[in-house]
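**Q** Need a 3D model of the following:
(one chain, ligands or ions: 1)
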Amino acid sequence: MAHDDANASDGAAPRPHWSLASWLTEGALPTFTVRDTRSAQGRLDPRVKTITVADLVLAHGHACDGLLRGVWAMRALADLAFADEGFDRSDLLVVSKNSPCLGDVAAYLTGARTRFGTHRLDDSLGVGFQLQRLSTQESWEVREEPGFFPANIIAWEADLLRGGRDESEMRELLAVHEAAQWDWVRDVLLPSAPSDHYAARRLKRLELPPALLEARRSDTVNRTVPPPRCVISPDDPGADHEPGDLDDQLTWRARYEAGPTV
Ligand SMILES: [Zn+2]
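**A** Numbers count the residues shown, from 1 in each chain. Here you go, the predicted structure:
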């Protein structure tokens, strides 16, 4: 969770950053477990990290109904697909609507990126996601129950993006619209369990939309290389191996200083 820096050193209990309303953090919000590679050319790190809604808000820029609906959808999907292991962000492809909010949730939690061709876009998904594990092609999807989000708010969202509205009216409408969104989040979304209105299922196969860009992602190509047996870098401490002895370190240095094998 993000905390206010002013409270970091005065011994007081940390409090949520202003970017997440206090009423939003009173209950238990979903969290996510993720795994990544350990460096630019590194293997998969067995240690996991926990991502909170506060982390997502800082990455996205604001809290909003879209971000929270995306969180509920992803939690329902994760409960089906990755209940034990969490999201392996070195091995996932995601499909989402091209929405600022849903797209950021998709990219941040899965590690997928449009620039590597692993974040594909399909606006027909609405508030939902499709996921594919790249190494096995296993696929899943999650979709929001039709009608769960009020039609009136959807209509207002579309209308507030319409050009030519008078600013004196717009300045009031934006505030009213924000209040309506948060009312729904507070009264309807938060009391519900992710699986109540977000249906996740396994897919036999996934027909992918085309990639916007495709490039080799270099920081995940060595993800399956096993841990070293004896030659350990002092800068590579980890839960999955113990340091080697001095002879091993000397062997390592000589090999490295000889340069790459062509
Ligand atoms: Zn947003």
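**Q** how about the helices of the chain, start to end?
**A** Using DSSP state H, the helices of the chain run over 22-25, 53-60, 65-81, 100-110, 151-160, 167-184, 194-197, 246-257.
**Q** who touches Ala106 in this structure?
**A** 70, 74, 94, 96, 112, 119, 129 (Cβ atoms under 8 Å, 6 or more residues apart in numbering). Where you see a C-beta, it was placed from the backbone N, CA and C, and this is true even at glycine.
**Q** and those, which of them are in strands?
**A** Secondary structure defined by DSSP state E assigns 94, 96, 119, 129 of the contacts of Ala106 to strands.
**Q** if we can go back for a sec, closest one of the contacts of Ala106 to Thr52?
**A** Distances from Thr52 to these, taken as Cβ to Cβ, are shortest for Met74 (12.8 Å).
**Q** In the sheet, which residues pair with the spatially closest residue to Leu206 that is not a sequence neighbour? Tell me.
**A** Nearest residue to Leu206 in three dimensions, chain neighbours excluded: Ser139, at 3.8 Å (Cβ to Cβ, 6 or more residues apart in numbering). With DSSP bridges as the criterion, Ser139 is bridged to Gln132, Leu203.
**Q** Would you check that Ser139 makes contact with Arg202?
**A** Yes. The pair Ser139 and Arg202 passes the contact test of Cβ atoms under 8 Å, sitting 7.3 Å apart.
**Q** more neighbours, these two?
**A** Ser139 (20 against 10; other Cβ atoms under 10 Å).
**Q** roughly how far apart are the more buried one and Thr33?
**A** Note on Ser139: its distance to Thr33, by Cβ to Cβ, to the nearest Å, is 20 Å.
**Q** Residues of the protein that sit close to the ion?
**A** With Cβ under 5 Å from the ion as the criterion, the chain meets the ion at residues 64, 66, 101.
**Q** Kindly recompute the last result at 6 Å.
**A** 60, 62, 64, 66-67, 100-101 (Cβ under 6 Å from the ion).
**Q** Please consider this matter closed, and thank you.
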